[in-house]
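Student: fold the following and give me the result.
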Amino acid sequence: MNGRYPSGMKVGLGMLAALACCKVAWLVEYIRLKSLKEHGLLGHPDAIAPISVFWLSPQFVLMGIMDGLARDGMEDFFKYQVPESMRKKYALVLTEAVIRWGKILNIGFIMILDVVVEKLRVEDGSWIADTVNQSRLDLFNAALVVVGIANLFIFAYVVSFYTYRDFPEEEDDEEEDPHEEIKTGKKQDKVEPTPDEETEPTPNEETERTIRTT
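Tutor: The predicted structure follows:
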């Protein structure tokens, strides 16, 4: 994506993919629990739901799209929207720092949600139990959908007030790279001097010419 706002667009599309991933995960878990209930296996810790494992494919595809778009968008942001002194050394570091902090916040959100739900549902317990069949991951994924929608609105609000810098233009007159021949494997063409650019003969060459003519 080329243009003035590619980094924000990529991050926004990545957040949309994450929202769709949570929605699909909720739907798949709902279908799995419904299948267990129809076969009388709901609540059995070791029961296997009679559905195909390929139901999990869409959410993993969306997760890959989300990771690629969001990471690429943040790399572009820190590459073009920060001072040049920080860009050369810390662009990649800042990108990784944002991703790692996001994962830490996700873990904190899961822990807080687990404590709150466990206190509100004393008899039923937490949504995250010892096994998948005893858990309510459908409700947990639904909570992630709500949080994803809130994050998307906050992101859109911040982006609407952010002023982007113009992308730096490449210089036309670039200095020749002395290692270009090694990188490309091609020999640089030698430019023959024009008659006007030919150098005058040195005294030794002039003496040799005089001797030859005599």
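Student: so for stretch 105-117, mean pLDDT?
Tutor: Here stretch 105-117 scores 87 as its mean pLDDT.
Student: buried stuff in it?
Tutor: Under the neighbour-count criterion of 16 or more other Cβ atoms under 10 Å, stretch 105-117 has 113, 117 buried. Every residue, glycine included, has its C-beta placed from N, CA and C.
Student: run through the neighbouring helices and strands of the helix or strand that contains Cys22.
Tutor: Assigned by DSSP states H and E, Cys22 belongs to helix 6-38. Contacts defined by 3 or more Cβ pairs under 8 Å, 6 or more residues apart in numbering; DSSP states H and E place helix 6-38 against helix 57-80, helix 137-161.
Student: if I take that helix and helix 57-80, what angle do their directions form?
Tutor: Angle of helix 6-38 versus helix 57-80, following axes from the mean of the first three to the mean of the last three Cα atoms, to 10 degrees, is 160 degrees.
Student: for Pro195, give me the pLDDT.
Tutor: 54.
Student: quick one, longest helix in this structure?
Tutor: Secondary structure of the chain per DSSP state H: the longest helix is helix 84-120.
Student: that one to helix 57-80, inter-axis angle?
Tutor: 140 degrees.
Student: now the angle between helix 137-161 and the helix holding Cys22, please.
Tutor: Here helix 6-38 runs at an angle of 170 degrees relative to helix 137-161 (the same axes, to 10 degrees).
Student: now helix 6-38: buried residues?
Tutor: Using 16+ other Cβ under 10 Å as the test for burial, helix 6-38 gives 6-29, 32-33, 36.
Student: cool, and stretch 60-71?
Tutor: 62-63, 65-66, 69-71.
Student: name the helix or strand of the protein that has the lowest mean pLDDT.
Tutor: Every helix and strand in the chain was compared by mean pLDDT, DSSP states H and E; the lowest is helix 180-184, with a mean of 49.
Student: and Glu200, what's its pLDDT?
Tutor: So Glu200 comes in at 56 (pLDDT).
Student: tell me who's in contact with the residue lying closest to Leu69 once chain neighbours are set aside.
Tutor: Spatial nearest neighbour of Leu69, chain neighbours left out: Gly14 (3.6 Å); criterion: Cβ to Cβ, 6 or more residues apart in numbering. Gly14 is in contact with 65-71, 73, counting by Cβ atoms under 8 Å, 6 or more residues apart in numbering.
Student: okay, and the nearest residue to His39 once chain neighbours are set aside sits in which element?
Tutor: Leaving out its chain neighbours, the residue that sits closest to His39 by Cβ to Cβ, 6+ apart is Pro50, at 6.1 Å. Under DSSP H and E, no helix or strand contains Pro50.
Student: quick check: mean pLDDT across the helix holding Cys22?
Tutor: For helix 6-38, mean pLDDT rounds to 89.
Student: report the contact partners of the spatially most central residue of the chain.
Tutor: For the chain, Arg71 is the residue whose C-alpha lies nearest the centre (Cα atoms, centre = their mean; 1.3 Å). Going by Cβ under 8 Å, 6+ apart, Arg71 touches 14, 95, 99.
Student: tell me the one among these nearest to Leu139.
Tutor: Gly14 (24.8 Å; Cβ to Cβ).
Student: so how far is Glu84 from the closest one?
Tutor: Separation of Gly14 from Glu84 (Cβ to Cβ, to the nearest Å): 26 Å.
Student: can you check Phe60 too?
Tutor: Distance of Phe60 to Glu84, computed by Cβ to Cβ: 38 Å.
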